[in-house]
Structures are given as structure tokens and as C-alpha cells.
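Engineer: Okay, predicted coordinates and the sequence, questions at the end:
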Amino acid sequence: MQVLTSPKAVSSYSDLVLSISEAAKSTSSASNSLSFSANRIAPGVFAFLSANSISIKDKDTFGEEAVTATSIFYSLNNSIEDLKQSTSFELAYLNAELLLKFKNIQIGNTDDLAKGLITIAVWNEKYLMIEEIMKNIRERLDNSTFKDIIARSKDKDVDVDSTLFNTNKSRLILEQSVLQFENRGSLYRGPLENAKTMLSNPLF
């Protein structure tokens with residue numbers, strides 16, 4: 001319980017819940033696939049979470065914006081066998097995974113903006129919120145450790161979700177978004193520069 005309720009573990013778990021909540025709100029394939037998560041959060045303790053989101057649009061009531069309702073389902077499960085095999089608990093991988101999930105959510109929001117599914121105001125609000133979350137995750141995650149996890153992501157003997165490290169789909173979405181933003185004038189300069197930055201290194 002000491003490990004499970006430590007400040008770092010609680011922060012990581014809170015970010016995990018937020019990541020699936022944000023992923024569920026996006027229609028983009030870059031992020032909505034992340035609305036289910038199974039994570040080992042402590043020796044012998046596994047968290048399973050899923051989120052579903054519904055957007056309601058009514059111009060007479062809400063104007064041009066939409067109200068979104070998100071339901072989160074979770075389950076915490078114990079594994080005695082895992083507890084026996086665990087001699088230490090390391091949050092590095094969970095935080096590395098979270099960093100990549102939030103980056104994919106950012107890419108999904110950029111995709112939604114390029115398709116006209118959200119406004120620049122909504123995109124900017126989400127961007128600033130996620131940047132702050134990612135800043136806190138980076139502070140918890142040593143950069144060299146993250147690079148080591150990336151290097152081991154292709155190792156079949158290591159329990160790493162390699163799909164998070166596959167950037168082909170993300171690059172294609174960002175390239176298409178850049179083309180869209182370049183034709184929309186100075187109002188889209190912020191999203192355009194952000195998309196180019198993510199395109200240069202979608203893992204960070």
C-alpha cells in the first residue's frame with residue numbers, strides 16, 4: 001500500500017485516468033484507440049480502465065460549441081503470482097507510456113481541428129492542458145530512462161506496448177494536418193507550427 005499510495009504513483013494513476021478520458025473525446029484514430037488501458041501500477045496490482053464519450057450539439061442551447069459527457073469504468077485487480085515475482089516497483093515505464101499516450105491525444109486533437117470537428121479555441125485549451133500534464137510527467141521521468149525504454153520497445157522479450165512507439169500513422173495524420181493548416185491563413189499559425197514540431201519528433 002505504501003508504494004501504491006506514494007505521491008508519484010498517485011500522480012501517474014491520475015494522469016492515466018485523464019489520458020483515457022481525453023482519448024475518448026476524440027474522433028481521430030490517433031487517439032481514440034487509447035480509450036482503454038491496462039496497467040501494472042504496483043507489484044501485484046493491475047488497473048483496467050475504459051472510457052466512453054458522447055458529444056451533444058444544440059445550437060439553440062450551446063451555440064457553436066458542444067457539451068461532452070464521458071463515462072469512466074475501472075477495475076483494480078490483485079495478482080499474488082505477480083507480487084511473488086516482483087522485488088521492486090518502477091514507475092518509469094508507466095510514465096513513458098503516459099507521455100506517448102498524451103502525445104497521441106495531441107495529434108488526435110490536431111487531426112480533429114484540421115477536419116473542422118473542433119474550434120481553435122477548444123484545440124488551444126486542450127493543447128495547453130496537455131502540455132502542462134506532459135511537463136509534469138517529464139519531471140517524473142528521467143530522459144535517459146525514456147530513451148532506454150524506446151530502445152527496448154522492439155525486444156519481444158520485454159513487456160512493452162510496441163504500438164505506442166510506431167509513428168507511421170501519427171506522421172501521416174500530422175502531414176495531412178500541416179497541408180490543411182497551410183491553406184487557412186495566419187489564424188492557424190499556432191496549430192501549424194505545433195504540428196510541424198510534433199512531426200519532427202512525434203515521440204517527445
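Structural biologist: Looks like it arrived, so ask away. Residues are numbered from 1 along each chain as shown.

Engineer: mind listing the helices for the chain?
Structural biologist: Secondary structure of the chain by DSSP state H: the helices cover 7-25, 59-62, 80-85, 92-114, 120-140, 143-152, 168-182, 189-200.

Engineer: Comparing those helices, which comes out most buried?
Structural biologist: Compared across the helices of the chain, helix 92-114 shows the largest average neighbour count, a mean of 24 (mean count of other C-beta atoms under 10 Å). C-beta: built from backbone N, CA, C; applies to glycine.

Engineer: tell me the contacts of residue 124?
Structural biologist: Neighbour list for residue 124: residue 190 [criterion: C-beta atoms under 8 Å, 6 or more residues apart in numbering].

Engineer: how near is it to residue 100?
Structural biologist: According to C-beta to C-beta, to the nearest Å, residue 124 and residue 100 sit 22 Å apart.

Engineer: want to throw the helices of the chain into CSV with mean pLDDT and distance to residue 33?
Structural biologist: As requested, those are exported to CSV (pLDDT from 0 to 100; distance: least, C-beta to C-beta, whole Å):
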stretch, mean pLDDT, distance to residue 33
helix 7-25, 84, 8
helix 59-62, 66, 28
helix 80-85, 68, 26
helix 92-114, 88, 8
helix 120-140, 91, 17
helix 143-152, 69, 20
helix 168-182, 91, 10
helix 189-200, 90, 18
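
Engineer: Looking at the ones you listed, spot the one closest to residue 49.
Structural biologist: helix 7-25 (5.2 Å; C-beta to C-beta).

Engineer: For residue 32, give its distance to residue 50.
Structural biologist: For residue 32, the distance to residue 50 (C-beta to C-beta) stands at 12 Å.

Engineer: Look at these two and report which has more neighbours.
Structural biologist: Set residue 32 next to residue 50 and count neighbours by other C-beta atoms under 10 Å: residue 32 wins out with 19 against 15.

Engineer: Surely the more buried one touches residue 26?
Structural biologist: Yes. The pair formed by residue 32 and residue 26 meets the contact definition of C-beta atoms under 8 Å, at 5.1 Å.

Engineer: residues shared between the contacts of those two?
Structural biologist: Shared contacts of residue 32 and residue 26, defined by C-beta under 8 Å, 6+ apart, comprise residue 108.
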